[in-house]
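Asks: Kindly return the folded structure for what I paste below:
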Amino acid sequence: MILGFERWAETANKELVDEIENILRACPKKITNRSIRKNLKLTNNQEASEIKVRAAVHFLRVSGRLPNLVCDQDGYWLASDKEELRRYVKSLEQRIASINAIRVAILETLEAMP
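Replies: Next up, the predicted model:
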């Protein structure tokens, strides 16, 4: 798990996670992090940072509560078919490759340092 997310998940406000899950399940189209936070504020007067929403989304995915939750630059949504999930997996694989390229470059820099 990503550093910080694990610690947050251990102490997560169950009510906040549940409410974010409800918002995502009820949304018939893509919804942005910002819109989730606005919805939380309007419906429950709950404040949540962008990071807490991302951490809750991460928890909802890996815990199996919303395993078909996908996203792109336009927001989050629940994938309704295998093709959407395949496209999302491909996107994740591209992100992994990009992050790994950065990792390799940093390791090379580290090795070259005196």
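Asks: any low-confidence regions in the chain?
Replies: 1-12 (pLDDT under 70).
Asks: what do you get if the cut-off is 50, keeping everything else the same?
Replies: The model of the chain has pLDDT under 50 over residues 1.
Asks: where exactly do the helices run in this structure?
Replies: Applying DSSP state H to the chain gives helices spanning 5-10, 14-26, 33-44, 50-62, 82-112.
Asks: So which elements touch the second one?
Replies: What that stands for is helix 14-26. helix 33-44, helix 50-62, strand 75-78 (3 or more CB pairs under 8 Å, 6 or more residues apart in numbering; DSSP states H and E). C-beta coordinates here come from the backbone N, C-alpha and C atoms, glycine included.
Asks: Also the fourth one?
Replies: Secondary-structure packing of helix 50-62 (3+ CB pairs under 8 Å, 6+ apart): helix 5-10, helix 14-26, helix 33-44, strand 69-72.
Asks: All set now, cheers.
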